[in-house]
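A.B. asks: Please find the sequence and the predicted model below.
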Amino acid sequence: MSVLRSPLRAWSCRQKGAALTEFIIVGPIAILLTFVMLQAGLLYMAKLTLNNATFMAARHGALNEAQVGSIKDSLAKGLIPFHQNAFNGNDVTRLGAAYALAKVDVTAGLNVRLEVLSPSEEAFRVYGIKRGSATVIPNDNLEFRTAEPVRGASISLRDANVLRIKVTYAYELKVPLMQAIVKRVMCPFTDSDVRGWEKPSLLPLGALSDCSYYLRGRIPIVSYATVQMQTPARRS
């Protein structure tokens, strides 16, 4: 019996060694892929949240003369999910603190960039009329007004009464290793703590203008919203 057990025991030891070798080779790759998929899922949820916040901000602006202050206030409310502390069980204090942080983000402009694409400068120049110290774009009876551009403009009055905004949000990467990987891949001439990522054959894929986000462990996500103005757009 002892003669028969020895080959079996040796074969079992060899199998254990092979399994360990396979795990050393495949394990890091599998773990990295798991992290990537998890981060991709979080990014998708963040994009949906930003889309909703941007649309609600545009709707609020359409009801408030396209004023940037009103748009930013609504945008901050929509960004509350990014700043909530899940360990705080008190809804009032949790949401209040999250709104304060979102408001700072929107006001400071470090992680949130709002751009009002329409009404444009041309729209105010061609169709704007003076009301006191402000310039407004008429919003009444649009269905009876001409749909053709006038005075050499590239847009009509109806087009001038469209509010279109663009919001760029610097989303913080939460999954381990993702910040280091994204920073190295997306930003050129960036040092890494991992020697294997220093090879010059790894070409940078990101734009220099976005490196301010990547170097802080964040990734820019962009959302657009377009709504019909419900009030006359006003500019002081």
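C.D. replies: Received the coordinates, thanks. Keep in mind it's a predicted model, so treat the numbers as computed, not measured.

A.B. asks: could you pull out the helices for this protein?
C.D. replies: 2-62, 68-78, 91-108, 121-127, 157-160, 178-186, 211-214 (DSSP state H).

A.B. asks: For the third one, give me every contacting residue.
C.D. replies: Read it as helix 91-108. The contact list for helix 91-108, computed with C-beta atoms under 8 Å, 6 or more residues apart in numbering, reads 72-73, 75-77, 79-85, 88, 111-112, 114. Where C-beta positions appear, they are placed from N, C-alpha and C, glycine not excepted.

A.B. asks: With mean neighbour count, distance to residue 222 and mean pLDDT added, can I get the helices of the chain in CSV?
C.D. replies: Putting the helices of the chain into CSV (neighbours: other C-beta atoms under 10 Å; distance: least, C-beta to C-beta, whole Å; pLDDT from 0 to 100) gives the following:
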stretch, mean neighbour count, distance to residue 222, mean pLDDT
helix 2-62, 13, 8, 80
helix 68-78, 19, 14, 95
helix 91-108, 15, 15, 93
helix 121-127, 17, 22, 91
helix 157-160, 19, 22, 90
helix 178-186, 19, 15, 82
helix 211-214, 19, 11, 83
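
A.B. asks: Now distance to residue 134 too, for those helices, in JSON lines please.
C.D. replies: Putting these into JSON lines (distance: least, C-beta to C-beta, whole Å) gives the following:
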{"stretch": "helix 2-62", "distance to residue 134": "16"}
{"stretch": "helix 68-78", "distance to residue 134": "14"}
{"stretch": "helix 91-108", "distance to residue 134": "23"}
{"stretch": "helix 121-127", "distance to residue 134": "10"}
{"stretch": "helix 157-160", "distance to residue 134": "16"}
{"stretch": "helix 178-186", "distance to residue 134": "43"}
{"stretch": "helix 211-214", "distance to residue 134": "35"}
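
A.B. asks: mind checking which of those helices is nearest residue 229?
C.D. replies: helix 2-62 (5.2 Å; C-beta to C-beta).

A.B. asks: What distance do you get for residue 104 to residue 170?
C.D. replies: 13 Å (C-beta to C-beta, to the nearest Å).

A.B. asks: what's the answer for residue 123, then?
C.D. replies: Residue 123 is 30 Å from residue 170, by C-beta to C-beta.

A.B. asks: Next: residue 153.
C.D. replies: Counting by C-beta to C-beta, the gap from residue 153 to residue 170 is 36 Å.

A.B. asks: what do you get for residue 44?
C.D. replies: 17 Å.

A.B. asks: Ok, residue 110 next?
C.D. replies: Residue 110 sits 8 Å away from residue 170, taking C-beta to C-beta as the criterion.

A.B. asks: Find the residues that touch each one of those two.
C.D. replies: With C-beta under 8 Å, 6+ apart, residue 110 and residue 170 have no common neighbours.

A.B. asks: Who has more neighbours out of these two?
C.D. replies: Per other C-beta atoms under 10 Å, whichever of residue 110 and residue 170 has more neighbours is residue 170, with 19 against 14.

A.B. asks: Would you agree the more buried one is in contact with residue 112?
C.D. replies: Yes: the criterion here is C-beta atoms under 8 Å, and residue 170 meets it with residue 112 at 7.4 Å.

A.B. asks: what about stretch 72-91, start to end distance?
C.D. replies: 23 Å (C-alpha to C-alpha, to the nearest Å).

A.B. asks: now it: how far from the chain's centre is it?
C.D. replies: Remark: stretch 72-91 is offset 16 Å from the chain centroid, using C-alpha atoms, centre = their mean, to the nearest Å.

A.B. asks: Contacts for stretch 120-137 next, please.
C.D. replies: 65, 119, 138, 150-155, 157, 159-161, 229, 232-236.
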